[in-house]
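In: sharing a model prediction with you, sequence too.
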Amino acid sequence: MTPVDSDLATFSMRVHGSDSLPTLIYLPGLHGDWTLVSSFRAAVAGRVRFVEFSYPPDCSLSLEAYGRQVIAALRDAGIRSGWILGESFGSQVSWEVIRQGFPANGLILAGGFVRFPFSWGLARACRLCGSRAAWPLKVMLWLYPKYARFRHRRAPATLDAIREFVRRRAMPGDREAMTHRMHLIAGSDPRAVAAACRVPVFSLTGFWDPIVFWGPVRRWLRAQCPTFQGDRILFWADHTVLATQPVAACRQILGWIALTPTKQDSSR
């Protein structure tokens, strides 16, 4: 299927691959788009129907609205079920999509979480990034492209997307939208959703993750999520596990999908 990309002021969705393949729905992290998933997309090409989202720079959206918009976009495209891949902030959108009744075949958290561990640190980051200067966010957005060019020097698909990542970060309202998403994380507590979850849940993380410490996330899922099936920590990956270890992440995710019975996608 030819990728479809709508206006950046709305929720954008692109679909890659045949509907005869398992459907994998990617919900991005704090940056809100698909610019950092290029190498992973290339790794899964021909193995899944890869559905990817980009969020609008809208500071009025609630997590409920995020979930509603994602489900509506999937429904309009005739996608009635599939695996959800929630990266970082996207994990919070994923729990909301499940809470609203989307018939997911399974949920994979990529650097994701239930309730964010160490909420005190997140609250402080929200205050700093919400200040007029917002210097922590500006510094992060200045440093990341430089780090990414080194980190992804052997991943040409990701390197090509870094320019687009930088361009989008300079768009009006983008930084404010990222700060708003941080506030949404701070106010989000989907533990009841996870505890009542009826679909298989998996967790994929990078060992060198300074943003979401995987230890507390792992312990909570093992103790409190009845459908938690397993996790994998990739040693050479960081918080952006799909970008920093795309081939290993692809192999692991495809393995989980193959081993788990799936619902019939009514779009087929």
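Out: Done, it's in.
In: what sits up against stretch 59-76?
Out: The contact list for stretch 59-76, computed with CB atoms under 8 Å, 6 or more residues apart in numbering, reads 11, 13, 25, 27, 51, 53, 55, 80, 82, 92-93, 96-97, 99-100, 102, 173, 176-177, 180, 184, 188. For every residue, glycine as well, the C-beta is placed using N, CA and C.
In: just the buried subset of those residues, please.
Out: When neighbours are counted using 16 or more other CB atoms under 10 Å, the contacts of stretch 59-76 contain these buried positions: 11, 13, 25, 27, 51, 53, 55, 80, 82, 92-93, 96-97, 99, 102, 176-177, 180, 184, 188.
In: which of the contacts of stretch 59-76 fall in strands?
Out: Using DSSP state E to define strands, the subset of the contacts of stretch 59-76 located there is 13, 25, 27, 51, 53, 82.
In: now the third one: how far from A110?
Out: Taking CB to CB, to the nearest Å as the criterion, L27 is separated from A110 by 9 Å.
In: and if you look at the fourth one?
Out: When distance is defined by CB to CB, V51 is 15 Å away from A110.
In: what's the answer for the second one, then?
Out: For I25, the distance to A110 (CB to CB) stands at 12 Å.
In: identify the contacts common to the two.
Out: Taking CB under 8 Å, 6+ apart as the contact rule, I25 and A110 both touch L85.
In: turn the ones in strands among the contacts of stretch 59-76 into JSON lines, columns for pLDDT and distance to A249.
Out: Conversion of the ones in strands among the contacts of stretch 59-76 to JSON lines gives the following (pLDDT from 0 to 100; distance: CB to CB, whole Å):
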{"residue": "M13", "pLDDT": "97", "distance to A249": "21"}
{"residue": "I25", "pLDDT": "98", "distance to A249": "16"}
{"residue": "L27", "pLDDT": "98", "distance to A249": "15"}
{"residue": "V51", "pLDDT": "98", "distance to A249": "17"}
{"residue": "F53", "pLDDT": "98", "distance to A249": "18"}
{"residue": "G82", "pLDDT": "98", "distance to A249": "18"}
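In: quick one: which of those residues is nearest to S203?
Out: L27 (14.9 Å; CB to CB).
In: ok, the closest one to L109 distance?
Out: For L27, the distance to L109 under the criterion CB to CB works out to 10 Å.
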